[in-house]
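S.K.: missing the sequence, but the structure's below:
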C-alpha cells in the first residue's frame, strides 16, 4: 500500500509487481480460503469453487491443493463463462454499476482535485477499496441466488432456494490483513506474471 494508506476492515488486498494472477497467487488464495473456512467452522462442509479455464487454475499443484482441502473445483470451459459463470450471468453488471456510482459521487464531491500540473488526482487505494466493499454489499442475496440458479449450480436438481445459503461475516468477524499470516504479497514474492 502507498505510504499512509490503510486497507479498510473487511477487505483483503494482495499486490504483486505484474498485477496478474498466476499459480503462486492461486496457492496463496487457497491458503486464505482454507483459513477462512477454518475460522468460520465450515471446513468440514462440502465446498465447490467455480472457475474459468485460466491455466493458473488448472495447474496440477492447484488442483492437488484443492483436493487436499476437500474442495471440488468446477472449471467452466473456455467461451462459456457468459452462460455458466454466476458472476458473468447476473452479478458483475450491478456490481460495476454500483462501483461507477461510487466514482461519480467521489468526482462530484470534488474528491479528485488537481495535481500541480493540472491533472486530476487519482483516487486513493483505500477509497477504491471502500467503493468495492460498498458496491458488493449493495448486491442483494436474491441476485446471487438467481445467478446460481440460472447457471444450474445448486444442491438440488429442482433448484430449491432452501439449499442455497450465503454466509456473510460482519466487520467484527471479517478476515483482513491484520489477522491472517502471509496474506499480503509483495512485489518480490512473485516474479512470473505472464498469466492473468
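M.R.: Perfect, I can see it now. In this text the structure is predicted, and so the values were computed from the model without any measurement.

S.K.: What sits closest to residue 58 if chain neighbours are left out?
M.R.: Of all residues not flanking residue 58 in the chain, residue 75 sits nearest, at 6.6 Å (CB to CB, 6 or more residues apart in numbering). Where C-beta positions appear, they are placed from N, C-alpha and C, glycine not excepted.

S.K.: what residues are up against the one you found?
M.R.: By CB atoms under 8 Å, 6 or more residues apart in numbering, the contact list for residue 75 reads 51, 52, 53, 57, 58.

S.K.: Show the residue spans covered by the helices in this structure.
M.R.: With helices called from DSSP state H, the chain shows them at 23-39, 55-58, 60-68, 81-84, 86, 92-108, 125-137, 141-150.

S.K.: Report how many residues lie close to residue 41.
M.R.: By other CB atoms under 10 Å, the residues close to residue 41 number 8.

S.K.: What are the contacting residues of the helix or strand of the chain with the lowest mean pLDDT?
M.R.: Lowest on mean pLDDT, DSSP states H and E among the helices and strands of the chain sits helix 55-58, with a mean of 79. Contacts with helix 55-58, where a contact means CB under 8 Å, 6+ apart, come from 21, 22, 23, 25, 26, 51, 62, 73, 75, 195.

S.K.: Please identify which of those residues is nearest to residue 147.
M.R.: residue 51 (15.5 Å; CB to CB).

S.K.: which of the contacts of residue 75 count as buried?
M.R.: 51, 52, 57 (16 or more other CB atoms under 10 Å).

S.K.: would you turn those into CSV with distance to residue 83?
M.R.: Output for the buried ones among the contacts of residue 75, formatted as CSV (distance: CB to CB, whole Å):
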residue, distance to residue 83
51, 15
52, 12
57, 18
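
S.K.: between the residues you listed, which is closest to residue 15?
M.R.: Distance to residue 15 across those (CB to CB) is lowest for residue 57, with 20.4 Å.

S.K.: residues near the closest residue to residue 30 other than its chain neighbours, how many?
M.R.: Spatial nearest neighbour of residue 30, chain neighbours left out: residue 65 (4.9 Å); criterion: CB to CB, 6+ apart. Number of residues near residue 65 (other CB under 10 Å) recorded here: 20.

S.K.: In this model residue 29 seems to touch residue 65, though I could be wrong.
M.R.: No. Checked against CB atoms under 8 Å, the pair residue 65 and residue 29 is beyond contact range at 9.8 Å.

S.K.: what about the chain, any weak spots by pLDDT?
M.R.: The chain contains residues with pLDDT under 70 at 155-196.

S.K.: and stretch 69-87, how far apart are its ends?
M.R.: Start-to-end span of stretch 69-87 (CA to CA, to the nearest Å) is 24 Å.

S.K.: mind listing what's buried in it?
M.R.: Under the neighbour-count criterion of 16+ other CB under 10 Å, stretch 69-87 has 69, 71, 73, 76, 81, 84, 85, 86 buried.

S.K.: cool, and stretch 115-125?
M.R.: Within stretch 115-125, judged by 16+ other CB under 10 Å, the buried ones are 123, 125.

S.K.: Report the distance from that stretch to the chain centre.
M.R.: 27 Å (CA atoms, centre = their mean, to the nearest Å).
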